[in-house]
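> The sequence isn't on hand, but the structure is:
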DNA sequence: TATTGTTATACTCTATAACTATA
DNA sequence: TATAGTTATAGAGTATAACAATA
């Protein structure tokens, strides 16, 4: 177990990762928000799957997944076909156009990282990947047997807003 | 320089960090969204400062900072006083109530991490912190001398949405 | 004229809840 | 009755642009 100050720093670093994600988001082509890119990436990595599975991999609610998928499907990047085994389900599959988009995205991502992390060794990136994967797994696992991570929404003072002179 | 597949994995891990951030956000007390918590944390770590400096540290636009600060100020967690040296500026300072809130936040954060990362050593967390700090610095530095990270918003095919049977 | 900060507007991502269709 | 997926609604975060006050 680690020291309290390390936890505080980790919390801060994680919140600061947002800036990096926004940098990466700038390479996204028109009409392709981050949600669509994430959907395409997972379909490429894991092959065709159902909504519910994709939702798990994205680690977001299925309603969110549904909207990302609808967006990508409307633009022809994925197709949704009926599941013969269960008519409630839909099978999601990457289209050639979606694959083209992914290829372009991969080129741009590599471009940005190669430029930005030009002084990182292969091993540096590997270590960060390994630690991040472990972090996600630590949180993901705890989320499954969801214990008592959340707190009551009625804490400390200042429950009623403080009035100030305007 | 690292391999292309490592970059792809890093991109994916970073996008997945969102789930961890949402887990951490669940410990936030009522009335205190993540933006406020970030403002308070930075004021504690760096002491009183102006909006523009805070905006830099948050790595977001000043208009965003302004809204987070207004929220925190309305609840009495920070105070804004005039800068005698420049009447356009405002000096931001943590109040005792804000410090109380921060102390409670630190307790809860430590709690969650201690529970979730119970099999992480001090050194594990330290390494992740070090690599994340370096990542942010690599991106932050490149953002300053902002070269040509962004791409034209008119790429590849599918510029006009594909029509499907509804 | 340039800079500090605020506000209006718009976009993305997310969750909850209500709903449809099928199991 | 329970489950897969969709849609409506609301909340949080962000950026751009227009604006006010001061330098």
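Received the coordinates, thanks. Source: prediction; values computed, not measured. Numbers count the residues shown, from 1 in each chain, chains lettered A, B, ... in the order given.

> Going by C-alpha atoms from here, please, whenever you check contacts or count neighbours.
Noted.

> ok now do the residue nearest the centre of chain A, which residues does it touch?
For chain A, residue A:58 is the residue whose C-alpha lies nearest the centre (C-alpha atoms, centre = their mean; 5.8 Å). Shown in contact with residue A:58 (C-alpha atoms under 8 Å, 6 or more residues apart in numbering or on different chains): A:38-39, A:65, B:16.

> Please identify which pair of those lies farthest apart.
A:65 and B:16 (14.1 Å; C-alpha to C-alpha).

> name the helices or strands packed onto the worst-scoring helix or strand of chain A on mean pLDDT?
Sorting the helices and strands of chain A by mean pLDDT, DSSP states H and E puts helix A:122-144 at the bottom, at a mean of 90. Helix A:122-144 sits against helix B:4-25, helix B:96-116, helix B:122-144, with contacts defined as 3 or more C-alpha pairs under 8 Å, 6 or more residues apart in numbering or on different chains; DSSP states H and E.

> Let's have the ones you listed in JSON lines, adding mean neighbour count.
JSON lines is the format used below for the helices and strands packed on helix A:122-144 (neighbours: other C-alpha atoms under 10 Å in any protein chain shown):
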{"stretch": "helix B:4-25", "mean neighbour count": "18"}
{"stretch": "helix B:96-116", "mean neighbour count": "18"}
{"stretch": "helix B:122-144", "mean neighbour count": "17"}
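
> May I see the ones you listed organised as JSON lines, with distance to residue A:105 added?
Shown next, in JSON lines, are these (distance: least, C-alpha to C-alpha, whole Å):
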{"stretch": "helix B:4-25", "distance to residue A:105": "10"}
{"stretch": "helix B:96-116", "distance to residue A:105": "34"}
{"stretch": "helix B:122-144", "distance to residue A:105": "19"}
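
> I'd like the distance between residue A:81 and residue A:93.
When distance is defined by C-alpha to C-alpha, to the nearest Å, residue A:81 is 8 Å away from residue A:93.

> cool, and residue A:129?
From residue A:129 to residue A:93 the distance is 27 Å (C-alpha to C-alpha).

> Chain neighbours aside, what residue packs nearest to the residue in chain A that DNA strand C sits nearest to?
Proximity of chain A to DNA strand C (C-alpha to the nearest atom of the strand) peaks at residue A:34, 3.1 Å away. Taking C-alpha to C-alpha, 6 or more residues apart in numbering or on different chains, and ignoring the residues beside it in sequence, residue A:34 has residue A:25 as its nearest neighbour in space, at 6.6 Å.

> Could you list the low-confidence segments of chain A?
Chain A contains residues with pLDDT under 70 at A:1, A:142-166.

> The residue of chain A closest to DNA strand C - how many residues pack around it?
18 (other C-alpha atoms under 10 Å in any protein chain shown).

> Same check on residue A:41?
Each residue near residue A:41 was counted by other C-alpha under 10 Å, and the total is 19.

> Can you check my assumption that residue A:80 lies in a strand?
Yes: assigned with DSSP: H, G, I helix; E, B strand; the rest coil, residue A:80 falls within a strand.

> pretty sure it is touching residue A:89, no?
No: Residue A:80 is beyond contact range of residue A:89, at 9.6 Å (criterion: C-alpha atoms under 8 Å).

> where do the contact lists of these two overlap?
Counting by C-alpha under 8 Å, 6+ apart, residue A:80 and residue A:89 have no contacts in common.

> My guess is the residue of chain A closest to DNA strand C contacts residue A:28. True?
Yes: assessed by C-alpha under 8 Å, residue A:34 is found in contact with residue A:28 at 7.4 Å.

> Relative to residue B:138, which of the contacts of residue A:58 is nearest.
Using C-alpha to C-alpha, these come closest to residue B:138 at residue B:16, 19.8 Å.

> how much space between that closest one and residue B:114?
For residue B:16, the distance to residue B:114 equals 21 Å [C-alpha to C-alpha].

> Please apply the same query to residue A:74.
44 Å.

> same thing with residue A:137?
In this view, residue A:137 and residue B:114 are 15 Å apart by C-alpha to C-alpha.

> on that earlier part again, what's the closest of the contacts of residue A:58 to DNA strand D?
DNA strand D lies nearest to residue A:65 out of those, by C-alpha to the nearest atom of the strand, at 6.8 Å.
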